[in-house]
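S.K.: Here is the input, now give the coordinates:
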Amino acid sequence: MKTKATCPYCGVGCGVVIEHDGRRVTGVAGDPRHPANFGRLCTKGATLHLTTRPESRLLHPELRPARGLARERVGWDTAIATAAERFAAAIDEHGPDSVAFYISGQLLTEDYYVFNKLVKGLIGTNNLDSNSRLCMSSAVAAYKQTLGADAPPCSYEDFALTDCVLIAGANPAYAHPVAFRRIEDAKAARPEMKLIVVDPRRTDTAATADLHLAILPGTDIWLYNAMLNVLLWEGLVDNAFIRAHTDGFAALRDHVREVTPAVAAEVCGLGTRGADDIITAARWWGEANAAMSLWCQGLNQSTHGTHNGAALIALSLATGKIGRPGCGPFSLTGQPNAMGGREVGGMANLMSGHRDLANAGHRAEVARLWGVEDVPAKPGLTAIELFDAAHDGRIKALWIACTNPAQSLPEQQRLREALARCDFVVLQEAYCNTETAPFADLLLPAASWGEKEGTVTNSERRITHVHRAVAPPGEAKPDWRIVCDFALALGPRIGKDAEKLFPYASPADIFDEHAATTRGRDLDIGGLSYDVLDSAGPQQWPFPEGADATDAASRARLYADGRFSTPDGRARFVVPTQALTAERTDARYPLALTTGRLRDQWHGMSRTGKVAQLYNHVDEARIEMNADDLALRGIESGELVRVKSRRGDVILRAAASAEIRSGQAFVAMHWGTNTLNSAGANAVTLRASDPFSKQPELKHATVQVEKAELPFHALIMRGEPGIDDRDDGANAAGLAVERAAALAPWLERFGYASLALAGRDHPAVVLRIAHDRPIPPAWLAELDMLLGLDDAHCVTYSDARRGITKRARIENGFLVGLRLTGETAAAAWLRDVLVERQPAADLRRWILAPIASPPAAAKSRGRIICNCLDVSERDIESAVAGGAGFDALQAKLGCGTGCGACVPEIRRLVAQA
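M.R.: Residues are numbered from 1 along each chain as shown. Have a look, this model is predicted:
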């Protein structure tokens with residue numbers, strides 16, 4: 001059977017077709033008819049079916065009788081009643097503002113809607129915020145300050161219609177791969193199209209650009225102001241458009257008068273050619289018939305993220321390049337339904353239908369629509385404020401849904417203290433082992449991807465009806481149902497009529513009510529229903545009552561008439577701040593650290609972390625630094641280093657990178673305490689936030705790096721014997737996930753520990769350890785027993801004088817388990833032997849030998865570049881050495897012909913050769 005849904009990862013909103021037998025998901029494919037992706041999927045989307053495993057799923061409610069005790073299984077009635085009693089008690093004693101809800105851009109719109117109604121309509125507080133606060137709130141604020149509404153004016157089809165694309169603070173080659181494929185296609189079809197990338201790193205996106213502006217972190221506004229300066233001097237602004245459709249340009253014009261390309265080049269650290277490059281970028285933008293900008297977290301996650309966006313949007317307004325094909329400022333949404341959440345008001349400062357909490361008229365409209373006396377006027381607590389309030393005792397009861405703050409928020413030590421101090425914490429979650437789960441007093445099992453129905457809205461305002469393919473496992477329920485059940489239990493306890501507010505029998509009922517609240521608003525979807533979405537396909541808003549689904553062109557872009565969503569219909573120019581980063585480098589903290597995404601992982605890896613092949617591109621957390629900076633500190637690439645900020649420290653593997661300039665460093669955001677012995681990047685990030693959006697500056701922190709003195713090393717790997725039929729392959733994958741979950745609690749024991757999966761058809765778990773003293777034999781014995789490295793299948797070696805012990809498990813002629821302690825020189829090639837299931841007969845005498853280079857019988861493939869076709873870096877290097885260029889590589893090896901996410905890296909390898 002086949003069921004249509006969408007991918008639950010980034011905001012591109014790719015359509016997928018779920019293959020299943022009614023009981024379990026068996027496969028996934030891109031939906032060739034979905035207008036977001038036309039059948040394409042990235043590496044993450046293409047492996048979604050492999051994430052639908054029962055291991056680590058939360059299957060029934062669990063309640064902690066008291067702090068300090070283990071949670072126990074309870075029924076749903078007990079779970080909901082307990083939650084209602086605890087929240088009602090807090091409300092009764094301390095008022096409605098003593099409770100708070102922190103939810104997620106991965107919820108469906110219907111889930112978001114009932115959460116918003118529960119908090120603001122039933123309970124009477126605005127303490128509802130979302131992890132979208134960490135992601136898109138600066139883009140929202142920038143749109144509202146300039147264009148009047150949270151409404152991206154562009155469509156994906158504009159990629160093929162533009163003459164100049166400016167990508168700022170984003171790496172869509174990794175973070176939005178399918179959208180980036182469309183940009184690559186447009187560039188291939190029209191090579192004269194200009195691609196400008198603004199990023200401190202030379203990412204895979206930047207490597208494809210005609211012009212890469214490698215600015216210093218936090219200097220974006222200076223760059224865009226200088227570009228506007230050039231546009232003014234060279235007569236490339238559209239004065240007629242400015243006069244007819246905007247306000248505030250004179251003040252901005254005066255502000256940028258002295259921000260010349262030379263001044264900006266100095267501030268931005270662009271070097272001797274920087275001024276010329278800024279002039280080139282401005283001319284390309286100004287002379288293009290159609291130009292558009294794309295931006296994401298590099299601009300948003302800043303203490304001036306709102307003004308970053310406003311300064312970029314000003315380039316579109318000043319040249320009149322908005323509302324036309326191929327034109328406009330286009331914010332790339334980070335999460336799959338962050339936009340849907342904003343549409344229903346699922347944040348502390350918003351209300352349904354893009355209404356503002358600060359507007360008394362808007363509050364009255366929502367109260368009337370919901371049938372309640374009023375919506376509270378007091379602003380709610382945003383994400384950082386919310387957990388600060390939990391930290392100091394003002395929040396007594398906290399409900400977290402479908403998100404993992406104990407991995408994703410900055411200043412993790414303080415965040416975890418806040419969770420521990422809160423009187424009562426509820427976690428509504430699909431997985432039982434997220435970093436936040438240990439802090440929950442009550443765990444509520446939620447349905448996940450493929451198991452529930454609703455709608456999502458992607459980056460281009462396109463709404464898709466997501467269908468349920470299979471039933472949730474165990475006792476898990478859809479999120480909307482959990483919220484409604486809680487509301488019905490809470491209402492009588494706080495003297496409210498919840499039955500009137502939550503009468504829904506299905507998600508379709510919720511969608512219809514949501515659509516009704518948008519009538520007359522900028523996002524009017526009064527003409528949409530599940531039936532329309534099923535018959536006509538995904539639709540962009542606005543789609544008012546009476547709209548014709550065949551007239552999609554009329555909704556492809558906004559503001560074609562030059563009228564904006566402000567009270568007077570005129571767009572606003574904003575004079576931006578000249579601030580830089582919240583922290584400045586100094587002698588003590590000399591490195592500027594940026595954070596970001598990997599190609600094949602998502603957020604905190606609670607889903608992607610279950611798929612072994614998604615580790616094959618990058619299999620260990622690392623800090624990437626310029627080789628000169630490593631040499632200055634006496635560090636070699638591959639050694640462990642301590643990364644320290646003013647808030648905390650973390651030990652990571654150092655990796656030399658030509659993508660990073662001296663004085664900077666990069667750490668991926670994904671790794672947390674399920675994969676490291678620390679909280680990862682967010683152990684060192686800071687909570688300083690933008691004053692308008694309240695979005696924290698997760699993108700930048702200043703750090704020091706020094707070699708970590710951890711001389712005692714160990715490597716442990718465990719695979720399964722494996723058989724090639726599907727069921728046994730699935731069982732092997734399940735055992736690897738279970739083994740990883742069993743090993744995760746061990747990580748905190750060591751000075752450094754890293755946990756990952758490896759392989760493809762025969763997954764394995766890999767544990768890397770480094771410690772400041774000899775690893776206790778009792779610990780090693782426990783690990784051996786845990787991983788089946790303690791029986792007659794194992795060959796052993798021991799050198800007590802040098803502290804070296806080794807064990808290898810060989811079954812049916814294959815290496816399936818390994819522990820190296822005290823000496824790990826052969827780790828890399830032995831990993832390949834194990835996960836590639838190379839016969840051990842000719843390797844047996846070498847397996848425990850201290851040799852870094854593989855023997856002739858071993859086939860070491862190294863890092864996988866193309867995950868779709870399983871093509872390694874060494875496969876590509878060998879073919880290139882034989883004379884193959886990019887086209888020949890694709891023809892011979894197939895690499896880059898699947899999702900295409902590896903294409904920029906393949907081109908780079910060819911160029912390097």
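S.K.: Please count neighbours and contacts with C-alpha atoms only from this point.
M.R.: Fine.
S.K.: what's the distance between V835 and H793?
M.R.: Relative to H793, V835 is positioned 18 Å away (Cα to Cα, to the nearest Å).
S.K.: ok, the two, which is more surrounded?
M.R.: More crowded of V835 and H793, by other Cα atoms under 10 Å: V835, with 24 against 16.
S.K.: what number of residues lie near the closest residue to that one other than its chain neighbours?
M.R.: Leaving aside its chain neighbours, V835 sits nearest to G759 (4.8 Å; criterion: Cα to Cα, 6 or more residues apart in numbering). Residues lying near G759 (other Cα under 10 Å) number 23.
S.K.: correct me, but G759 touches V833?
M.R.: No. Checked against Cα atoms under 8 Å, the pair G759 and V833 is beyond contact range at 10.2 Å.
S.K.: Quick one: residues contacting the spatially most central residue of the chain.
M.R.: Among the residues of the chain, H603 comes closest to the average C-alpha position under Cα atoms, centre = their mean, at 4.1 Å. Each residue near H603 by Cα atoms under 8 Å, 6 or more residues apart in numbering is listed here: 408, 597, 669-670.
S.K.: now do I651
M.R.: Going by Cα under 8 Å, 6+ apart, I651 touches 640-643, 678, 708, 752.
S.K.: I'd guess it is in a strand, am I close?
M.R.: Yes. Per DSSP: H, G, I helix; E, B strand; the rest coil, I651 lies within a strand segment.
S.K.: so the residue nearest to the centre of the chain is in which element?
M.R.: Here H603 sits in a region with no helix or strand, counting by DSSP states H and E.
S.K.: Now do the same for it: its pLDDT.
M.R.: H603 carries a pLDDT value of 95.
S.K.: Any chance of the backbone angles for the closest residue to I864 other than its chain neighbours?
M.R.: If the residues on either side of it in the chain are set aside, I864 comes closest to S872, at 4.0 Å by Cα to Cα, 6+ apart. Main-chain dihedrals, S872, degrees, to the nearest 10: phi -90, psi 170.
S.K.: Equivalent analysis for L128, please.
M.R.: Backbone geometry at L128, expressed as degrees, to the nearest 10, gives phi -130, psi 120.
S.K.: give me the beta-bridge partners of it?
M.R.: Beta-bridge pairing for L128 (DSSP bridges): F101.
S.K.: For R23, see how far away it is.
M.R.: L128 is 35 Å from R23, by Cα to Cα.
S.K.: more crowded one of those two?
M.R.: L128 (28 against 11).
S.K.: contacting residues for the residue nearest to V835?
M.R.: Taking Cα under 8 Å, 6+ apart, we find G759 in contact with 612-613, 616, 835-836.
S.K.: Turn those into a markdown table, columns for secondary structure.
M.R.: Output for the contacts of G759, formatted as a markdown table (three-state DSSP):
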| residue | secondary structure |
| --- | --- |
| A612 | helix |
| Q613 | helix |
| N616 | coil |
| V835 | helix |
| E836 | coil |
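S.K.: Now F502: closest residue in space, sequence neighbours ignored.
M.R.: In space, and not counting its chain neighbours, F502 is closest to C484: 6.2 Å by Cα to Cα, 6+ apart.
S.K.: For the one you found, grab phi and psi.
M.R.: Per-residue torsions, C484: phi -60, psi -40 (degrees, to the nearest 10).
S.K.: and if you look at the one 3 residues further on?
M.R.: A487 has phi and psi values of phi -60, psi -40 when expressed as degrees, to the nearest 10.
S.K.: tell me the contacts of it?
M.R.: 118, 122, 498, 502.
S.K.: Report the two of those residues separated the most.
M.R.: Pairwise distances across the contacts of A487 peak at 9.7 Å for L122 and F502 (criterion: Cα to Cα).
S.K.: So between these two, which is more surrounded?
M.R.: Neighbour count, other Cα under 10 Å: between L122 and F502, L122 has more, with 26 against 19.
S.K.: do you know how far that one is from L652?
M.R.: L122 is 46 Å from L652, where distance means Cα to Cα.
S.K.: Same question for D512.
M.R.: Going from D512 to L652 by Cα to Cα gives 49 Å.
S.K.: what's the answer for W222, then?
M.R.: As judged by Cα to Cα, W222 and L652 stand 33 Å apart.
S.K.: go on, E836?
M.R.: Per Cα to Cα, E836 is found 27 Å from L652.
S.K.: which one of the two has more residues nearby?
M.R.: With neighbours defined as other Cα under 10 Å, E836 and L652 compare such that L652 has more, 29 against 20.
S.K.: Could you give the bridge partners of the residue nearest to the more buried one when sequence neighbours are not counted?
M.R.: Once flanking residues are discounted, L652 sits nearest to R622: 5.1 Å by Cα to Cα, 6+ apart. For R622, the beta-bridge partners are R653 (DSSP bridges).
S.K.: Verify the contact between R622 and R653 for me.
M.R.: Yes. Contact criterion Cα under 8 Å: R622 and R653 qualify, at 4.5 Å.
S.K.: more crowded one of these two?
M.R.: R622 (23 against 20).
S.K.: Would you mind writing the CA trace of the lowest-mean-pLDDT helix or strand in the chain as PDB?
M.R.: Least confident helix or strand of the chain, by mean pLDDT, DSSP states H and E, is helix 726-743 with a mean of 80. Once non-C-alpha atoms are left out, helix 726-743 reads as follows in PDB (Å, rounded to 0.1, in the frame of the first residue of the first chain):
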ATOM      1  CA  ARG A 726      15.400  -8.200   4.800                       C
ATOM      2  CA  ASP A 727      14.100  -9.300   8.100                       C
ATOM      3  CA  ASP A 728      17.500 -10.300   9.400                       C
ATOM      4  CA  GLY A 729      18.900  -7.000   8.100                       C
ATOM      5  CA  ALA A 730      16.200  -5.200  10.000                       C
ATOM      6  CA  ASN A 731      17.000  -7.200  13.200                       C
ATOM      7  CA  ALA A 732      20.700  -6.400  12.900                       C
ATOM      8  CA  ALA A 733      19.800  -2.700  12.600                       C
ATOM      9  CA  GLY A 734      17.500  -3.000  15.700                       C
ATOM     10  CA  LEU A 735      20.300  -4.700  17.700                       C
ATOM     11  CA  ALA A 736      22.700  -1.900  16.800                       C
ATOM     12  CA  VAL A 737      20.200   0.700  18.000                       C
ATOM     13  CA  GLU A 738      19.600  -1.200  21.200                       C
ATOM     14  CA  ARG A 739      23.300  -1.600  21.800                       C
ATOM     15  CA  ALA A 740      23.900   2.100  21.300                       C
ATOM     16  CA  ALA A 741      21.100   2.900  23.800                       C
ATOM     17  CA  ALA A 742      22.700   0.600  26.300                       C
ATOM     18  CA  LEU A 743      26.100   2.200  25.900                       C
END
